[in-house]
Each structure stands twice: as C-alpha cells, then as structure tokens.
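>>> prediction below, plus the sequence it came from.
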Amino acid sequence: MKIKKILVSQPRPAGDKSPYFDISKKYDIEMVFRPFIKTEGLTAKEFRQSKVNLADYGGVILTSRAAVDNFFRLCQEMRVKVPDTMKYFCTTEAIALYLQKYIVYRKRKISYGSTGRLDDETLFMALDKNRKEKILFPVSDVHKEDLSVLDGHDLDVTKVVMFRTVSNDFQPGEELDYDMLLFFSPAGIASLKKNFPEFNQDNDHIYIGAFGPTTVKAIEDMGYRVDLQAPNSAHRSMPGALEDFIEKLAEKDAAEGE
C-alpha cells in the first residue's frame, strides 16, 4: 500500500525547514498538520488554588511552548513582574529560542538540553549551578514529567499545573481520509476515539505511528495496532523513523509486485 497522505497530530512547523517537508517532497506525500489536542490556560482564579506565589521563584523549568505562554500569561494576569534575573531551564533549544517572544535572549540566564528530556545532562549541570534558587515547573493537567529524576540533586523544585489539555474536536463532516496517523501523546489517541468512535484501523487501511512508550501503550489499550514506533534502536526522531518506515514499505510493495 502506497502512502499518499499522512496526518501529523502536531502544529505545523514554523518556517519552511522541517524533516517532514523533506519527506513530503522526496516521496510525494501530502503532510497534514492537525493536532488532536490543544491546551487551555488556567484562569488566575483557578491557579490561585494551588497556593503558589509566582514572585517567590528565581527560576523556571520549561518543557513546551504552552508552558512558556502560560507562565508569562499568568504572571501578567496576576501582576507579577518577571525579574531580569529569572533563570530559564529549557528541555530543548527550540523552547529556549521561543522565549524571545517574551524576553531579551541572554545565554547567561537561559539553559537548554539537547535530548528533550528532563534528565538531560546539560540541563542537570545548569540546575546544579542554581541550587539556591526556588525553581518553578509549569505543567499540564495530564503531564507525564516525573520529578524523581531530580532526586539526589538537592534542588528546590515546585511542580504546578498552569494549563489543561483538551480534545481539539473535528468539525461535523470532517473526514479521516489519511493513509497514516502519527500520535505523540495518549491524549491524542483519546481524542481520535472521541471524534471517530466507529474508526476501524483495518477496514480503513490506516497505519498508525506512535512516539514514546506511553503513547504506544495508550494506542494498544484502545485496541489499535501500532505500525511504527519512535524512538527506536535506529532512529531517535519521528521523522527519521517515518522515512525508514516508508522506505521499507516501498521495498515490500516492490518485492510483492515482482
């Protein structure tokens, strides 16, 4: 089966450079970026129930753009001035660069990892240098970040919910006319089930790709088949694993056609 159209359940990449665009051009595949989930920020009233005083913190761990947006939004709504001395600990360079939307980018107060994980060695080194700081960790209501990876580092980190994850519902009549679906969170597959309760993977001849073990488990728990898993032993990223999958599928089709 030739793949002609793929739904990537993430926002469209900013700019023109992305491995997904390269795959689209190389294999003549239509890439549709359509998140199955979206985030909604907590109101200032809701956030106050956490009893967290934003002014008490001198550092913040950021693992997503949603965390960045909602941190600064709540600070503004609660009239808390973010000091110029605030330290930012980001899990990726992309998140670090996104901070330019709100602050002047200065390397001396912004650190980031290279793996996208909270236990990144570079990120740990930056956190260890700021042990005296009280550090805030904004997360969503369905976060999967485990603070146990910080055990033994004598850090004062407070995890607090600042936004919630909800289903990004499809419009009436909107079809699921894709050859492959790529998911990156359990919430995404839950949204698929909500929007298309009659979806049958085999009858519709749709491949499913999953990023991360929790996403794989969520897909299998709902009775669906995972055709592509990332990261894997050969590829750390979803685009890399996807291209390999497409290549092997083409080889299989060619062999069967001989």
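Cool, the structure landed.
>>> from here on, just use CA atoms for contacts and neighbour counts.
Will do.
>>> by contact count, what packs against the longest strand anywhere in the chain?
Among the segments of the chain that qualify as a strand by DSSP state E, the longest is strand 156-167. Packing contacts for strand 156-167, counted by 3 or more C-alpha pairs under 8 Å, 6 or more residues apart in numbering; DSSP states H and E, involve strand 37-41, helix 65-77, strand 134-140, helix 186-195.
>>> which is the next helix or strand following that strand?
strand 180-183 (DSSP states H and E).
>>> which other helices and strands contact that next one?
With contacts defined as 3+ C-alpha pairs under 8 Å, 6+ apart, strand 180-183 has these neighbours: strand 5-8, strand 207-211.
>>> kindly recompute the last result at 10 Å.
The helices and strands touching strand 180-183, judged by 3 or more C-alpha pairs under 10 Å, 6 or more residues apart in numbering; DSSP states H and E, are strand 5-8, strand 30-33, helix 186-195, strand 207-211, helix 213-221, strand 228-230, helix 238-257.
>>> need the residues that contact that strand.
Strand 180-183 is contacted from outside by 3-10, 31-33, 35-36, 188-189, 192, 201, 205-212, 215-216, 219, 226-229, 238, 242, using C-alpha atoms under 10 Å, 6 or more residues apart in numbering.
>>> now the buried members of these.
Buried subset of these (neighbour count, 16 or more other C-alpha atoms under 10 Å): 3, 5-10, 31-33, 35-36, 188-189, 192, 206-212, 215-216, 219, 226, 228-229, 238, 242.
>>> residue ranges with poor pLDDT in this protein?
1, 143-147, 149, 151-153, 257-258 (pLDDT under 70).
>>> what residues sit buried inside the longest strand of the chain?
V157, K159, V160, V161, M162, F163, R164, T165, V166, S167.
>>> ok, the last one touching R34?
No. Judged on C-alpha atoms under 10 Å, S167 makes no contact with R34 at a distance of 11.8 Å.
>>> quick one on the thing from earlier: just the helices and strands packed on strand 156-167: most buried one?
Comparing these by mean neighbour count (mean count of other C-alpha atoms under 10 Å), strand 134-140 ranks first with a mean of 22.
>>> re earlier: what angle do the longest strand of the chain and helix 186-195 make?
20 degrees (axes from the mean of the first three to the mean of the last three C-alpha atoms, to 10 degrees).
>>> who does strand 156-167 pair up with?
Strand pairing for strand 156-167, determined by DSSP bridges: strand 37-41 (antiparallel), strand 134-140 (parallel).
>>> angle of it against helix 65-77?
Relative orientation of strand 156-167 versus helix 65-77 (the same axes, to 10 degrees): 110 degrees.
>>> just to revisit the earlier point, dump the helices and strands packed on strand 180-183 into JSON lines; add distance to S111 as well.
Shown next, in JSON lines, are these (distance: least, C-alpha to C-alpha, whole Å):
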{"stretch": "strand 5-8", "distance to S111": "29"}
{"stretch": "strand 30-33", "distance to S111": "29"}
{"stretch": "helix 186-195", "distance to S111": "29"}
{"stretch": "strand 207-211", "distance to S111": "25"}
{"stretch": "helix 213-221", "distance to S111": "27"}
{"stretch": "strand 228-230", "distance to S111": "26"}
{"stretch": "helix 238-257", "distance to S111": "25"}
